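Enquirer: just a sequence and a predicted model for now, questions to come.
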Amino acid sequence: MYEAIVFLPLLGAIIAGAIALIGARNRHPGADPPPPPDDHAAPLVPEHIHGAPAPQSRHAEIDRPRPEQDEIAEPTAGSQAAELITTTLLAISWLLSCFAFVDVGLQGHDAHVALFNFITSGDLKVDWALRIDPLTVVMLVVVTTVSGLVHLYSIGYMADDPHKPRFFSYLSFFTFAMLTLVTSDNLAQLFVGWEGVGLASYLLIGFWFHKPEANAAAIKAFIVNRVGDFGFALGIFAVFLLTGSINFDTVFAQAPNLVGKSFHYLSFNVDALTVICLLLFMGAMGKSAQFLLHTWLPDAMEGPTPVSALIHAATMVTAGVFMVARLSPLFELAPAAKIFVVFIGATTAMFAATVALVQNDIKRIIAYSTCSQLGYMFVAMGSGAYSIGMFHLFTHAFFKALLFLGSGSVILAMHHEQDIRKMGGLWRKIPLTYATMLIGTLALTGFPLTAGFFSKDAIIEADDVVKGTMASYGFIMTVGAAALTSFYSWRLIFKTFHGEPHDRHHYEGAHESSKTMLVPLVILAFGSIAAGWPALRLFTGHGAEEFFRNSLMFGPANTVLKDMEHLPLAITLAPTVMMIGGFLVAWQFYIRRPDIPAALARDQAVLYRFLLNAWYFDRIYDFIFVRPAMWLGRVLWKGGDGFVIDGFGPDGVSARVLDVTRNVVRLQTGYLYHYAFAMLIGVAAFVTWFMFSGVGVH
């Protein structure tokens, strides 16, 4: 059963990929390349041939025509089969995941399924095995639920796209990679799934490859994640160095023996466990778009909207949170690393919330909201409330996927317009989309009895019971971010669905989406309410330790879940008060006095531009990293490759040899008197040399 949960999406990806390849081959049968020129001395690749830019071109830009999306009007043959097969296989995987949740999570039947030997190299022996415990089954339900609904939604959203089989192949491949990640039994297997979701993210962000912005966003996401993954890989190496293994059971069993051990580096002794956890968390910072490594997530909105819902809201970006939870036996023994996790999470929650206040792209607002909510999850992890962080991951998957898919419905209704300043009054045209997005907004802001109310408030409460300066910082940042979250969430709703239409032409043509798009919205809206209170006892209090058992580690000094039961009323009500305050300010700004935001932006122009440009991180990184890298590349290209290698190679010594041989060949005329004349010249030259050199004959 567990093998089917993981590998059915891979089967769907292979089938859909085969359909895409066959369709591409039929559409573009191709032709044999032209024969090479007879003149072997001619340059192999002229400057004007596509793919070989002239040295003078800026940044070596390739001067090739860009394919347009509307070049191909007809969809690939077999598109419906690809949709049906991948969605059906995901539905089966979801059903099996629900059964696994009941069997493992509620009935306590943990499982370990060894499949095959993966790596054997010296002392390193790694098996590919499926680790099925309560932490795993929670993620199985999240991944298969969201992925299945996204597959169904994509049938309607991508109806006019000619490359649907390729899109559904990528979606299913991502699902397989994510399931591989959450069922991993060792760090190597986890790293394979980790890199697999990164590859799928790259492919899906750049799915519309005819758009330069999509290509740039895909490359940016790939590169930024490599920065985090470099630290993650170093952390894995360090674990193997100290324990001799990367299997979870072995590493966790030896973790207490690592307390007090240190690395000697640059004349300093640093705590080994702290270094390991910080390196591993560096990977989480990249994958979960945390502060300093967050810049890829907003740009990733260039991909199709279902991609944003699946990868960049509910699943891949939560891989970092899952990884920290899985490695809780290590983090519990590294309090300094946990403090750093709280700092990064709290800073991210506030930073992303401030940026979301002034964004105008509907998807970018939700993207920064995702970044902020991930910060909340890491605050819980750093506070030792691992189960509560997983609780927010669980509920957040429903309402954030709902908001992304709802925004996709709005975008289609507005003929692919994404600027909320050009919307307004849409609740009359798309009432069901409005109702579902309203539910998602209530859950995101923490309205009482919604899923977000139970999980997000629990994080703030957990952070309050932890003592220390960093815990206080986390509490202040998360409470403040709650007010900002309410403001920007209601700003999106008011500017999109209320008021008067700002684009009358698109407004008149707006209509509700197809049933295949609306059904997932309704299901996710239901989950945004129902996923909270029924799951509360499984993720909080004594029920959490009973439910998660050994899949999460709560050390003897970790009493967060118990202390949360004795909080002052003021702390409990603080998030709700912030939520109400944010709503009232948004109501004043965008319903009663819509002239206030524009006036405030003019009066606080510097602050407005600072937030609009996301604290100028992209420009800072461009100045510090991108421009020096481009300069170095240009120097190595012009000076190294062009001047040294080409100058002394093909264009230098080699070219001179060819010139000499061409001239020497001309001496071979075939006339006898020419050869006799050359011989006489040679004899005369030798005689002259002997005469003037004073060489005597004895």
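Expert: Happy to help now that I have it.
Enquirer: which element follows whatever helix or strand Ala401 lives in toward the C-terminus?
Expert: In this assignment (DSSP states H and E), Ala401 forms part of helix 386-413. Using DSSP H and E, the next helix or strand after helix 386-413 towards the C-terminus is helix 431-445.
Enquirer: tell me the buried residues in that next one?
Expert: Of all the residues in helix 431-445, those buried under the rule 16 or more other C-beta atoms under 10 Å are 432-445. C-betas here are computed from N, CA, C, even on glycine.
Enquirer: what's the separation between Phe116 and Leu130?
Expert: 11 Å (C-beta to C-beta, to the nearest Å).
Enquirer: these two: which has the busier surroundings?
Expert: Leu130 (21 against 7; other C-beta atoms under 10 Å).
Enquirer: now whatever helix or strand the more buried one lives in - C-alpha only, CSV.
Expert: Using DSSP H and E, Leu130 sits within strand 124-132. Coordinates of each C-alpha in strand 124-132 appear next as CSV, following Å, rounded to 0.1, in the frame of the first residue of the first chain:
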residue,chain,number,x,y,z
LEU,A,124,28.3,4.4,4.0
LYS,A,125,25.4,2.0,3.6
VAL,A,126,22.0,3.4,2.7
ASP,A,127,18.8,1.6,1.9
TRP,A,128,15.8,3.1,0.1
ALA,A,129,13.0,2.5,2.7
LEU,A,130,9.7,4.1,3.5
ARG,A,131,9.4,5.4,7.1
ILE,A,132,5.7,5.5,7.9
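Enquirer: name the helices or strands packed onto that strand?
Expert: Counting contacts by 3 or more C-beta pairs under 8 Å, 6 or more residues apart in numbering; DSSP states H and E, strand 124-132 packs against helix 2-27, strand 111-121, helix 187-205.
Enquirer: now, of the ones you listed, which is deepest in the fold?
Expert: helix 187-205 (a mean of 22; mean count of other C-beta atoms under 10 Å).
Enquirer: that one versus strand 111-121: what angle between them?
Expert: 90 degrees (axes from the mean of the first three to the mean of the last three C-alpha atoms, to 10 degrees).
Enquirer: mind giving me the packing neighbours of helix 187-205?
Expert: By 3+ C-beta pairs under 8 Å, 6+ apart, helix 187-205 packs against strand 111-121, strand 124-132, helix 164-182, helix 212-243, helix 272-287, helix 319-326.
Enquirer: off-centre distance for the next helix or strand after the fifth one?
Expert: Following the chain from helix 272-287 toward its C-terminal end, the next helix or strand by DSSP H and E is helix 296-299. Between the mean C-alpha location of helix 296-299 and the chain-wide mean there is a distance of 8 Å, by C-alpha atoms, centre = their mean, to the nearest Å.
Enquirer: what about dumping the CA coordinates of helix 296-299 to PDB?
Expert: This file holds the C-alpha atoms of helix 296-299, laid out as PDB (Å, rounded to 0.1, in the frame of the first residue of the first chain):
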ATOM      1  CA  TRP A 296      12.800  33.600  -5.200                       C
ATOM      2  CA  LEU A 297       9.300  33.000  -3.900                       C
ATOM      3  CA  PRO A 298       7.500  36.100  -5.200                       C
ATOM      4  CA  ASP A 299       9.100  35.800  -8.600                       C
END
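Enquirer: what about His542, neighbour count?
Expert: Residues near His542, counting by other C-beta under 10 Å, number 11.
Enquirer: now the helix or strand hosting Tyr368: how far from the chain's centre is it?
Expert: Here Tyr368, judged by DSSP H and E, is contained in helix 362-382. How far helix 362-382 lies from its chain's middle: 13 Å, per C-alpha atoms, centre = their mean.
Enquirer: what mean pLDDT would you report for it?
Expert: Summarised as a single mean, pLDDT over helix 362-382 is 94.
Enquirer: could you do stretch 215-232 as well?
Expert: On average, stretch 215-232 scores 93.
Enquirer: just stretch 583-592 next, same as before
Expert: 94.
Enquirer: in that stretch, what's buried?
Expert: Buried-residue list, stretch 583-592, by 16+ other C-beta under 10 Å: 583, 585-587, 589-590.
Enquirer: so how far does it reach from one end to the other?
Expert: 12 Å (C-alpha to C-alpha, to the nearest Å).
Enquirer: ok so, going back, in its sheet, what does the strand holding Leu130 sit against?
Expert: strand 111-121 (antiparallel) (DSSP bridges).
Enquirer: so the partner strand versus helix 2-27, what angle?
Expert: 60 degrees.
Enquirer: distance from strand 111-121 to the middle of the chain?
Expert: With C-alpha atoms, centre = their mean, you get 28 Å for strand 111-121.
Enquirer: for that strand, what is the average pLDDT?
Expert: On average, strand 111-121 scores 90.
Enquirer: let's see it as PDB, backbone CA atoms only.
Expert: Below are the C-alpha coordinates for strand 111-121, written out as PDB (Å, rounded to 0.1, in the frame of the first residue of the first chain):
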ATOM      1  CA  ALA A 111       5.500   0.700   9.400                       C
ATOM      2  CA  HIS A 112       8.900   0.500   7.900                       C
ATOM      3  CA  VAL A 113       9.100  -0.800   4.300                       C
ATOM      4  CA  ALA A 114      12.600  -1.600   2.900                       C
ATOM      5  CA  LEU A 115      12.600  -1.500  -0.900                       C
ATOM      6  CA  PHE A 116      16.200  -1.900  -2.100                       C
ATOM      7  CA  ASN A 117      19.800  -1.000  -1.400                       C
ATOM      8  CA  PHE A 118      20.500   2.600  -2.500                       C
ATOM      9  CA  ILE A 119      24.100   3.400  -1.800                       C
ATOM     10  CA  THR A 120      27.000   1.300  -0.600                       C
ATOM     11  CA  SER A 121      30.400   3.000  -0.500                       C
END
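Enquirer: does the residue lying closest to Gly148 once chain neighbours are set aside count as helix, strand or coil?
Expert: Distances taken as C-beta to C-beta, 6 or more residues apart in numbering put Leu90 closest to Gly148, at 4.2 Å, once the chain neighbours are dropped. Three-state call for Leu90 (DSSP: H, G, I helix; E, B strand; the rest coil): helix.
Enquirer: any idea of the pLDDT on Leu90?
Expert: The predicted local confidence for Leu90 is 94.
Enquirer: orientation of the helix holding Ala401 relative to helix 362-382 in degrees?
Expert: Using the same axes, to 10 degrees, helix 386-413 lies at 180 degrees relative to helix 362-382.
Enquirer: lowest-pLDDT helix or strand in the chain?
Expert: helix 647-648 (a mean of 74; mean pLDDT, DSSP states H and E).
Enquirer: show me how far that one is from its chain's centre.
Expert: 43 Å.
Enquirer: and it, what does it pack onto?
Expert: Using 3+ C-beta pairs under 8 Å, 6+ apart, helix 647-648 is in contact with no helix or strand.
Enquirer: pLDDT on the helix or strand following it, on average?
Expert: Remark: after helix 647-648, the chain's next helix or strand is helix 654-667, criterion DSSP H and E. Mean pLDDT, helix 654-667: 78.
Enquirer: counting contacts, what elements does helix 654-667 pack onto?
Expert: Going by 3+ C-beta pairs under 8 Å, 6+ apart, helix 654-667 lies up against no helix or strand.
Enquirer: what is the burial count for Gly108?
Expert: Counted with other C-beta under 10 Å, Gly108 comes out at 12.
Enquirer: what does it show for phi and psi?
Expert: phi 80, psi 20 (degrees, to the nearest 10).
Enquirer: wait, isn't it in contact with Asn550?
Expert: No: the criterion here is C-beta atoms under 8 Å, and Gly108 misses it with Asn550 at 10.7 Å.
Enquirer: which intervals of this structure have sub-threshold pLDDT?
Expert: 30-75, 694-698 (pLDDT under 70).
Enquirer: who's in contact with the least confident helix or strand of the chain?
Expert: Outside helix 647-648, not one residue touches it by C-beta atoms under 8 Å, 6 or more residues apart in numbering.
Enquirer: likewise for stretch 452-460?
Expert: 373, 376-377, 379-380, 383, 385, 388-389, 391-392, 394-396, 399, 442-447, 475, 478-479, 482, 528, 532-533, 535-536, 539-540, 564, 571-572, 574-576.
Enquirer: switch to 6 Å and redo it
Expert: Stretch 452-460 is touched from outside by 376, 379-380, 388, 391-392, 395, 399, 443-444, 446-447, 478, 532, 536, 540, 575, with contacts defined as C-beta atoms under 6 Å, 6 or more residues apart in numbering.
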